[in-house]
Every structure is written in structure tokens, then in C-alpha cells.
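> model the structure of this input:
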Amino acid sequence: MSDSITSVIGLKDTDVDYCREVIRKENNLDHHLIHVRLVNHGAICQNCGTFTKRIKEYRNKKIEHAKYLNERCTIIYSARRFICPKCGTTFFEKDPFQSQYRNISDTTVDNVLKLLKQYNQTFSSVARTVSLTRTEVIKIFDEHVQVKRREFSECVGMDEFYFSRKAHKKYALMILSLNKGYVIDMRSNREKVRIINYFRTIPKEERKKVKYFSIDMNDNYREAVRACFPDARLCADPFHVIKYLNDALDNVRLRILRMYADDKRSDEYYLLKYRKDLLYHDVEFNAWNEVKYNHHFRYQLSEKRLQEMILDIHSDLSKAWNLKERYMRFDKDSMTEQEPSSHLDQLIDDFIASDIPEMMSMGLTLSNWRQEILNSFHTMTKKITTSDGSRKTITARVTSGPVEGRNKYIKLLLKLANGYVNFDRFRNRAMYVLNRSESYNTEKLENTIPRRQN
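The predicted structure follows:
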């Protein structure tokens, strides 16, 4: 008997009476057939408690066993059936390969759940790897992975993500612990009333633990958090403030671009259309000396010079860009300022007094979210994993950046699977993948996931 074969099926040589492996070719792939019969250790009758070794018959059981990944492996188990000499009851010996699923080994179930922990795996890819059907893999997942809501922490962030155009609500909501890094929960509906009703299901003692709550500039989120977390400081995510600011500047650019739409070969149209990136990213001062040949102007130019040429096209664009740059410096430097509120008030006044419609609107937005922007300069302590795998505690600004990072993996999960029909199943899969400490249940649970869901 080969030690390698018994190790594949997870048994000791002393427990195996007969074991033989046959390899067949199926669709140019190896199909491993392992014939097994166990040593007769006897068994106790479940009816009367009599110990017996008396055999009535043998029955072959075919069990799919995913020990060889990407190759099919089937155990043909010659299961011994005993008969009790006292009461005549017949029963099988204990099956060492399967305990919860018929024709699927426990090792296969374990491999399925471990593979699904990886974000780049789908139900279909796992099914191909372990030689099961997609339906069987989904059933195993639904019955072993049922993730519960995690506890709210000191710093919480909330943001929406696009789920599916076919769903009743296209956008869903993710709630994340910013200081501890785990996903607290996901909700299929981001409407204000639904969010408030959900928050009110959380015990008041748990809600009182939240000191900071970071959101994007969404009035519905603000009202929901104020209603349910009155003790928490509401923070406007700095990333979204900058995004709104860049959008306002871009609207100024597009308005001026339309003035030159009739002459698309003009220098102004070229600069506004094809070199707009120079308005939104930092151009280093030493870029004056780094010149490159420009095919439109047909001579060498530095990026700094091109940026100046864009700003010289129209005074509105130059003023809007300067306002944007001033806010960027404020956002960067205000962590060290003792009174950032006066600086922000001056910026708001300058935005509103600019006589540029897009910037005036942005000024009103900043005024509307003034306190939330100032709250975002508070800091929190959180633990991070360094490059060498160790953990250390750092102090960081309250921001929803970690939520955006998780959104990247959510997009990948949805893209690789070509979308999900069932939100509850997607929620379980996403939280199972994103929360490193999340594990599966070793025992099979009642499947609470409906077959279809809007």
C-alpha cells in the first residue's frame, strides 16, 4: 500500500485494509479513482448497544474528494454494513470521509471555503478547481458562511457602492470601522428612512461608543447620523470635499472650452481639452527645466509653462484654480493650525465673492458643511500592518479613505462574478473576504439565503 495514497485520503495505514489508485484520462485531464476498504474494527449497535463485527454486506459509495486541485479525484469507498446478532438491526460503519454532505468529502468542503476566502475566486472558478458544480459550491457557502454584524467602534465611516443595475436599489451601503479596519455591515438600501431604522436596531450603549462618524457630503447620511448618533462628531470626508472642488474647477474649464468649440485646432482648445490634467495635479517647480517636444506647438515646452498657458486663457479659470490651490494648502496645513476655523471662513468668503458661478456654488457647499469639515481635522489612533508583518499603532486624520479602499475589492468581486443577483449572498461573501478574522462555521447551518432576491 502506498503511503502517498493513504495521505491523500487522510487515513492511517493501520485503518486501511485495502487501497488502490487508478488514473483515467477524461477530457485530457487526470481523473483519480481511489478504491478504499477499511479495517474491520467492529461497531456498536445504535439500537441495543451490542458490539459486533458481523458483516452483512459491502456497498460502494462514490465521494468527490478535492485533494488534487484542478484534477478530479473520486473515492470509491467500500462501506461495510454490519448486522447486530442480538436485535438484527443493520447499520454502516462510521464514514471517515463525509459527515455533512452526501457524495462530497469533508476535505472538499474545507477546500471550497478556503478558496472562497480569496477575493479573486468566484463560485464558478472554485467549482472547476474542486470538480463540483457551481450550485453545489453555492450551497456549501450558504450553509457555512453566515456573517453577522460586527460591533460599532470609536471611529466609523460610511459610503455607498454600486451593486447592480438589475437590483431594486442600484446602490448599496457599506459601514466600516475606521480605527479597527473591519467591515461592520452592508445594507442593500441607502435611503434615509431605511438607514435610520437600521441604526435604531443597534443598542444605545453601542451607539454611544462612536466618537467620530465620517461620511461623504450627502445630506441624507448627515441627517441619519445626527438622529441616531447624537454624541458622535460628524466628519466630512476630505477626499469627497476635494472631489467636489475639482468638479467645480472642471465645470469652469468646460464652460470656457465651449467658447473655442468652433475652432478645434486652436491653442486654447488643445490646452483645455488635452492638457486639462495640469489643472488637477501638482506640477513641481523644477518642472521648468524638464522640457519635452510638444507636437501641437512644435517646439519644446515644460509642463510648468503649459500650465501657465492654460491659466492665461481666461481670468475665471485662473481665479478658480487659485481658489482650489488655496483650499488644497488649507486642507494639508490645517492639521498643525490651532484655529483652522478662521482660515476656512476666509476661504468661504473668497469663494462666494469670486463672481464665478461654479466657485460661488462651491463656497455655499463649504459653508453648509463647515462644521463637518472642521471636525475632519481630528485624529484617531489605529493599528496597521507594516511591510514586515508586524502591527503598530499610528495617529491618523479621520477620513473615509479605508472605505474607498474596500470599495476597490467590492468592485473586483462584482466584476469577476459578472454581478450578483442575491444581495444577502454577496454581503456574506464580501464580508467573509474583506474581514481577515472572519471564518466559516465548521458545522452546517440552516440555509437562510432565498434562491432569488430583488
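
> can you pull the domain assignment for the protein?
Dividing the chain into domains by automatic domain parsing, as the record does, gives the ranges 3-106, 155-237+396-417, 239-375.

> okay, those domains, which one's buried deepest?
Greatest average neighbour count among these goes to domain 155-237+396-417 (a mean of 18), per mean count of other C-beta atoms under 10 Å. C-beta: built from backbone N, CA, C; applies to glycine.

> where does the prediction get shaky in the chain?
Segments of the chain classed as low confidence (criterion: pLDDT under 70) are 1-4, 7-8, 67-70, 283-288, 335-338, 383-390, 450-454.

> rewinding a little: so which of the domains of the chain is nearest Glu136?
Using C-beta to C-beta as the measure, domain 3-106 is the one of the domains of the chain that comes nearest Glu136, at 6.9 Å.

> centre of the chain versus the closest one, how much separation?
Using C-alpha atoms, centre = their mean, to the nearest Å, we find the averaged C-alpha position of domain 3-106 to lie 40 Å away from the chain's own average C-alpha position.

> mind putting the domains of the chain in a markdown table, distance to Ile138 included?
As requested, the domains of the chain are arranged in a markdown table below (distance: least, C-beta to C-beta, whole Å):
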| stretch | distance to Ile138 |
| --- | --- |
| domain 3-106 | 13 |
| domain 155-237+396-417 | 11 |
| domain 239-375 | 36 |
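
> closest to Asn120 out of these?
For the domains of the chain, proximity to Asn120 was assessed by C-beta to C-beta; domain 155-237+396-417 is nearest, at 6.6 Å.

> gap between the two ends of that closest one?
Looking at domain 155-237+396-417, the gap from its leading to its trailing residue is 32 Å under the measure C-alpha to C-alpha, to the nearest Å.

> wait, which of the domains of the chain is closest to Thr448?
The stretch from the domains of the chain with the least distance to Thr448 (C-beta to C-beta) is domain 155-237+396-417; that distance is 15.0 Å.

> elements contacting whichever helix or strand Gln371 is part of?
With elements taken from DSSP states H and E, the one containing Gln371 is helix 370-375. Under the contact criterion of 3 or more C-beta pairs under 8 Å, 6 or more residues apart in numbering; DSSP states H and E, the helices and strands touching helix 370-375 comprise strand 233-236, helix 340-352.

> so which of those comes closest to Ile34?
Nearest to Ile34 among these is strand 233-236 (59.2 Å), distances taken as C-beta to C-beta.

> for the next helix or strand after the closest one, the distance to its chain's centre please.
Downstream of strand 233-236, the first helix or strand assigned by DSSP H and E is helix 238-257. When C-alpha coordinates are averaged (C-alpha atoms, centre = their mean), helix 238-257 and its chain have centres 28 Å apart.

> only alpha carbons, please: show helix 238-257 as CSV.
Written as CSV, here are the backbone C-alpha positions of helix 238-257 (Å, rounded to 0.1, in the frame of the first residue of the first chain):
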residue,chain,number,x,y,z
PRO,A,238,-11.6,65.2,2.9
PHE,A,239,-11.4,63.1,-0.3
HIS,A,240,-15.0,64.0,-1.2
VAL,A,241,-14.5,67.7,-0.4
ILE,A,242,-11.5,67.8,-2.8
LYS,A,243,-13.6,65.9,-5.4
TYR,A,244,-16.4,68.4,-5.3
LEU,A,245,-13.8,71.2,-5.6
ASN,A,246,-12.1,69.6,-8.7
ASP,A,247,-15.6,69.1,-10.2
ALA,A,248,-16.3,72.8,-9.8
LEU,A,249,-13.0,73.7,-11.4
ASP,A,250,-13.7,71.3,-14.2
ASN,A,251,-17.1,72.9,-14.8
VAL,A,252,-15.3,76.3,-15.2
ARG,A,253,-12.9,74.6,-17.7
LEU,A,254,-15.8,73.1,-19.7
ARG,A,255,-17.6,76.5,-19.8
ILE,A,256,-14.5,78.2,-21.3
LEU,A,257,-13.8,75.2,-23.6
